[in-house]
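1. got a sequence here, can you build the structure:
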Amino acid sequence: MAQFLQVEKQNGTATITINNPPLNVMNSSVVEELYQSFQALEKDHEVVTVILTGSGSKAFMAGADIKEFPNLIGKAGIKSSFMETHKVLNYIDQFNKPTIAVLNGLTYGGGCELALTCDIRIAEEHVQIGLPEIKLGLFPGGGGTQRLPRVVGESKAKELMFTGDPITAAEAEKIGLVNKVVPTGEGLTAASDLARKISRHSLQALSRIKKAVDDGANLPLEASIEREAELFEEVFQTEDIKEGVSAFIEKRRPVFTHR
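-> Just a heads-up that it's a prediction; the model follows:
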């Protein structure tokens, strides 16, 4: 039984809500429950799209639990513990289903890094987003130094991390950190509408879109085109492409089984 997460499923969409009041900070238990929840949802054939958000309206996630940090100061050989967190964040990043983060409050530090593992980010207009680790004599250690530049560019990412100052949802949209800004209280509705559109499509195709984009980002263009061709060949072996083509010819809506 999860202590810090709630998972609800409806119409092909699972919504994971982080519930660690008052600010939904990321402690080791939250990380472990995220891992368990995403593992379960990967195997759930009824779920096509996953929404991730925080409870309340104060915070999506206001960073890591600073109370855990004193135990790390001065210790050698702690890289392995950091890599355990990376294992979970990488798993969410590489999750084979589309993911949408709904930022409904403060999105700081580890919260920003968690949001960056999702495919799409929707922010409510009151949201503040930032990586303030530098103000503690730290730097982002949950993948922020790697994922943020890939989203907003190297120069802007360095500015955000060098200063530690938060930005508004509107500015985050302007630099491409979030896909869309919606009024306060409407984030889940907007994400659910988007998830509904996505979830009516074939997961066989959706998962390969994600893999083609993610794999291709780390390859030269010619190699990435070849990777796309490999995945395109795979999708032609699925039941869903038979259904999609038949439905088009018969002028009806396809009923995908994700096989």
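
2. what bits of this structure have low per-residue confidence?
-> Along the chain, segments meeting pLDDT under 70 span 1.

3. what sits against the residue nearest to L231 when sequence neighbours are not counted?
-> Spatial nearest neighbour of L231, excluding adjacent residues (Cβ to Cβ, 6 or more residues apart in numbering): R208 at 4.3 Å. Placement of C-beta: from N, CA and C, glycine included. For R208, the contacting residues are L231, F232, E234, V235, by Cβ atoms under 8 Å, 6 or more residues apart in numbering.

4. which residue packs closest to the third one, ignoring adjacent ones?
-> What that stands for is E234. Going by Cβ to Cβ, 6+ apart, E234 has R208 as its nearest residue, at 6.5 Å.

5. what of the second one?
-> When the adjacent residues along the chain are set aside, F232 lies closest to R208, with 7.7 Å between them (Cβ to Cβ, 6+ apart).

6. in what helix or strand does Y91 lie?
-> helix 79-93 (DSSP states H and E).

7. C-alpha coordinates for that helix, CSV please?
-> The C-alpha trace of helix 79-93 is given here as CSV (Å, rounded to 0.1, in the frame of the first residue of the first chain):
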residue,chain,number,x,y,z
LYS,A,79,27.6,8.0,-5.7
SER,A,80,25.9,4.6,-5.5
SER,A,81,23.0,6.1,-3.5
PHE,A,82,22.6,8.9,-6.1
MET,A,83,22.6,6.3,-8.9
GLU,A,84,19.7,4.6,-7.2
THR,A,85,17.6,7.8,-7.6
HIS,A,86,18.9,8.1,-11.2
LYS,A,87,17.7,4.5,-11.9
VAL,A,88,14.1,5.6,-11.0
LEU,A,89,14.3,8.9,-12.9
ASN,A,90,15.8,7.2,-16.0
TYR,A,91,13.1,4.6,-15.8
ILE,A,92,10.4,7.3,-15.9
ASP,A,93,12.2,9.1,-18.7
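
8. which one is S224 nearest to, not counting chain neighbours?
-> Counting by Cβ to Cβ, 6+ apart, the residue nearest S224 is G216, at 3.4 Å.

9. does that neighbour touch A229 like I think?
-> No. In this structure G216 lies outside contact range of A229 using Cβ atoms under 8 Å: 11.2 Å.

10. and the helix holding Y91, what's buried?
-> T85, H86, V88, L89, I92, D93 (16 or more other Cβ atoms under 10 Å).

11. which outside residues touch it?
-> By Cβ under 8 Å, 6+ apart, the list of residues contacting helix 79-93 reads 31-32, 34-35, 38-39, 72, 99, 113-114, 117-118, 141-143, 147, 214.

12. can we see that at 10 Å?
-> Outside helix 79-93, the residues within contact range by Cβ atoms under 10 Å, 6 or more residues apart in numbering are 16, 26, 28, 30-39, 42, 50, 52, 64, 68, 71-72, 75, 99, 101, 110, 113-114, 116-119, 141-143, 146-147, 214.

13. could I get the full set of strands for the stretch 1-150 of the chain?
-> In the stretch 1-150 of the chain, the strands defined using DSSP state E, counting those that start in this stretch lie at 5-10, 13-18, 49-54, 59-62, 99-103, 106-108, 120-124, 128-130.

14. the last one pairs with which strands?
-> Within its sheet, and counting by DSSP bridges, strand 128-130 is paired with strand 106-108 (parallel), strand 167-168 (antiparallel).
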